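> Attaching a predicted model along with its sequence, questions to come.
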Amino acid sequence: MNTLNGSWILEKNENMDEFLKELGVNLLIRKAAKIVTPTIIISSQDKHWSIKMRSSFKNKDSEFNIGEEIDEETPDGKKIRCLYYLEGDKLVCEQRDRKTRALLAIVVKTVNQDGKMVEVLTHKHVVAKRFFKRVE
């Protein structure tokens, strides 16, 4: 079984405001990101994955196969393409602008030695982290 499978609730963020600012996200959405505590539900079977995000701000569902690009939308409404792939026990998503194909962000999800899911988000030189605990 994949260690990422399950329900996860956000415990804390590191450097998210700077990351979102660098991406051009407006102040109102950046402020909402500071106070929202999303739950992420991950399930996978073979190459097929489902990631659901639930929060008081916005809900989002993604279904994809590893190695295939899909169309998605960011919480602030940007149209993007995501390529999901595995690097060992890490789930990686490369987010690109749908029109220009410019790389916007790389998001890596993994479970650390403490059993927390860590999401590392990188845009150019800015790195943010989100830490989630498993919901029992």
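Structure's in. What do you need?
> In which helix or strand does the most centrally placed residue in the chain reside?
The residue lying closest to the centre of the chain (Cα atoms, centre = their mean) is residue 107, at 5.7 Å. Applying DSSP states H and E as the criterion places residue 107 in strand 103-111.
> same check, this time on residue 29
Assigned by DSSP H and E, residue 29 belongs to helix 27-35.
> just to revisit the earlier point, shouldn't the residue nearest to the centre of the chain be in contact with residue 121?
Yes. Using Cβ atoms under 8 Å, residue 107 is in contact with residue 121, at 5.2 Å. For glycine as for every other residue, the C-beta is placed from the backbone atoms N, C-alpha and C.
> next structured bit after the helix-or-strand element of the chain with minimal mean pLDDT?
For the chain, using mean pLDDT, DSSP states H and E, the weakest element among its helices and strands is helix 27-35, scoring a mean of 87. Once helix 27-35 ends, the next helix or strand along the chain (criterion: DSSP H and E) is strand 39-45.
> which of the residues in that following strand are buried?
Neighbour-count burial for strand 39-45, counted by 16 or more other Cβ atoms under 10 Å, picks out 40, 42, 44.
> packing partners for the helix holding residue 29?
With contacts taken as 3 or more Cβ pairs under 8 Å, 6 or more residues apart in numbering; DSSP states H and E, helix 27-35 sits against helix 16-22.
> Identify all contacting residues around the helix it packs on.
29-30, 33-34, 121, 123-124, 126-128, 130 (Cβ atoms under 8 Å, 6 or more residues apart in numbering).
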